[in-house]
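Peer 1: only the shape, not the letters, is given here:
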């Protein structure tokens, strides 16, 4: 595995905004910057100058991710807090991870530093990052975070600049490792949808469908994404497909002619994915056939238009107008796609007011969902990566309207 | 299902802190206050006066949780943002949820309000909450949230007070509905550990064990909790049990004499659980038997001591000293338990510096984990609820050291 960070782009943005370093604080930004998916409050410090080593600050109560993660490209790690692991009987032969765990515990015991902010100030001094501007990801700092005061008091010549948006700008263009993780999440998700669709029959409940999907995710090595452990996968049958982001699989039993909407996806090594398909039990109605063709034509146009340099808003306008022309005259959407990355939605938005030009290496979900109360909500959604000349599919699943009973 | 909110206690704390209302902003606090597990940025407004109706502010792009959640005890809901669901062909007979979805969409279309903060200001005015103090849960508001400024400008006689800690204080004592969800999460978790232990045999990998555990969680209707979709359940075999919070099930193969550490749990309807057990393949060594007995004796003492009025620090001191006296002379911990609730760890902490007196209705995880690099990490952890006279178990699983091959 390579590092997640697009380091060249991060350095380019530090030059653009005149920053001597970036400090990540949110789980997503720490993970992206360091490869460490954090437990508890962490900081990652990335200096612009490659001769100055990057560093991580993590709680000693959760050393395992640092010690076992592979490969942790940031080797300088400082621990804070309080936690006890017995190391005094640890004798060779030890595994590499055990040796690192001993070092982590012993390093922490020398200082027993409780405050991550003070460690960060000390690190900045040690590394000579003491004047000019630095970018501080403010997104995970409480309104009264002591960090701002400590910088002012201890490093009066250093000017902290809010950097949440700068991290977003860096992350818009994906690294090879990010792309691989998204692609693996999609492979697992497609396998799970396919397994569930293959088991689909009249009378099957949404819950049974959702279970088949989730069991496959686990067997294939993916992680199930759920909001606060509350919601299931966003699937629905029949008129329930008209509910946006359905996430309560129910005991509704599938009937002949019912639409099935699949949406969302699993996560792989911290990277989620999002795709959508539509299926129907038995022959589709004329209305469903016509509407699905219109939605597919719109999404297809986005894929044909997308390449480096094209404006997000231009794609949106063309897609919406195509869906309307192709048979869904009343189609209204606030977007027909969005960037995709470590936190799910990433800028830019394929919407009417976003004039961002697409760049090589951006990943997008293009989608044309539709919701009609009392009838249903067919959809199609694919993940693509932008190149100089085209949009390349990361999804592989056939984009047709699946007719169950005519599985091919 | 009843409401999650302990409404009497919330009102009591509003009186104690002289607040006319509470505003929840974090996902956990919105969920707790309203029963709505939120998608996107939401607010829940809870007036102290029962004659003034509580209200919810949620994005129109995610109406489904509001419309389908059962039962939504807060019936006044305002929507913001932009999203389109076709309602004009929705004709009776409609389901109750479909009718609510139509009303939500039509209510939003009348105003197309984009800004949740402005809706909140308007609601406060409508409800006559315009002077005195209100508690604002600041934990999910960005450092430069416009809310503070809008209150100052539009409601100059209203003084917002940071309320994150007040919500914590309310949530320390669980409602009946919270307790039921935690108990169901434990039932599913115990079933999952048992299923996995029943399949355990020499040569089984941590991943296979973890898969058996996760498949059972899904089949039993639980949700798998994973940090950012990155980590698996915290289980480990052999010397790997010495790593705290192991969450990377590996290809390590179980050998005779290996310790198995189980920790953590699934989530049910948004409520997680946390418990721990130890098992061994074949006969335990004398050291493991002795250490486990010491850890169990410490945890047992916590359970015997705990009841309303007892100080958290007193329990900690007695537990740590018992573990040391019973054979683990060098035992050091920063805590031997913690409150448990919607966000996992809740105050108080069963630690040396927390003098909080236990109250009836608090739920705790009592635990005595131990980590020794190169050897292993046995543990025991139970969930209990505090009553006037005792600590009542919510965990049901036998607390012995499980000897695999001698499953009873």
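Peer 2: Cool, the structure landed. If you're wondering where the values come from, they're calculated on a predicted model, not measured in any experiment.
Peer 1: residues in contact with the spatially most central residue of chain A?
Peer 2: Centroid-nearest residue in chain A, with Cα atoms, centre = their mean: residue A:342, separated by 2.7 Å. By Cβ atoms under 8 Å, 6 or more residues apart in numbering or on different chains, the contact list for residue A:342 reads A:4, A:28, A:31, A:32, A:171, A:178, A:270, A:271. Every residue, glycine included, has its C-beta placed from N, CA and C.
Peer 1: helices along chain A, start to end?
Peer 2: For chain A, helices defined by DSSP state H occupy the ranges A:7-16, A:27-34, A:64-68, A:96-111, A:116-126, A:146-154, A:164-171, A:176-199, A:206-219, A:286-305, A:312-325.
Peer 1: from residue B:372, how far off is the residue of chain A most remote from its centre?
Peer 2: Residue farthest from the centre of chain A, counting by Cα atoms, centre = their mean, is residue A:89 at 41.7 Å. Using Cβ to Cβ, to the nearest Å, residue A:89 is found at 6 Å from residue B:372.
Peer 1: quick check, pLDDT for residue A:406.
Peer 2: Residue A:406 is assigned 69 on the pLDDT scale.
Peer 1: an error on my part: the question was meant for residue A:67.
Peer 2: 85.
Peer 1: the residue in the stretch 101-250 of chain A positioned nearest to chain B: neighbour count?
Peer 2: The minimum distance from the stretch 101-250 of chain A to chain B, using Cβ to the nearest Cβ, falls at residue A:229 (2.8 Å). Neighbours of residue A:229 under the rule other Cβ atoms under 10 Å in any protein chain shown: 20.
Peer 1: near chain B, which residues of the stretch 151-300 of chain A are found?
Peer 2: For the stretch 151-300 of chain A, the contact set with chain B under Cβ under 8 Å from any Cβ of the partner chain comprises A:211, A:214-215, A:218-219, A:223-232, A:239, A:242-248, A:266-272.
Peer 1: now restrict those residues to buried residues only.
Peer 2: A:211, A:214-215, A:218, A:223-232, A:239, A:242-248, A:266-272 (16 or more other Cβ atoms under 10 Å in any protein chain shown).
Peer 1: doesn't residue B:224 make contact with residue A:226?
Peer 2: Yes - contact criterion Cβ atoms under 8 Å: residue A:226 and residue B:224 qualify, at 7.3 Å.
Peer 1: so what sits against both of those two?
Peer 2: residue B:267.
Peer 1: quick one: residues contacting the residue nearest to residue A:382 when sequence neighbours are not counted.
Peer 2: In space, and not counting its chain neighbours, residue A:382 is closest to residue A:395: 4.5 Å by Cβ to Cβ, 6 or more residues apart in numbering or on different chains. Taking Cβ under 8 Å, 6+ apart as the criterion, residue A:395 is in contact with A:186, A:190, A:275, A:382, A:383, A:384.
Peer 1: which two in these are spaced the farthest apart?
Peer 2: Using Cβ to Cβ, the contacts of residue A:395 reach their maximum pairwise distance at A:190 and A:384, which is 14.6 Å.
Peer 1: just the terminal-to-terminal distance for stretch A:65-80.
Peer 2: End-to-end span of stretch A:65-80 (Cα to Cα, to the nearest Å): 15 Å.
Peer 1: got it, and stretch A:113-131?
Peer 2: Stretch A:113-131 has an end-to-end distance of 25 Å (Cα to Cα).
Peer 1: next: stretch A:237-250.
Peer 2: Stretch A:237-250 stretches 9 Å from its first residue to its last (Cα to Cα).
Peer 1: ditto for stretch A:121-131
Peer 2: 12 Å.
Peer 1: in that stretch, what counts as buried?
Peer 2: Residues of stretch A:121-131 classed as buried by neighbour count (16+ other Cβ under 10 Å): A:121, A:123, A:124, A:127, A:129.
Peer 1: please report how far the fourth one lies from residue B:79.
Peer 2: According to Cβ to Cβ, residue A:127 stands 48 Å off from residue B:79.
Peer 1: try the third one
Peer 2: Noted for residue A:124: a distance of 44 Å to residue B:79, by Cβ to Cβ.
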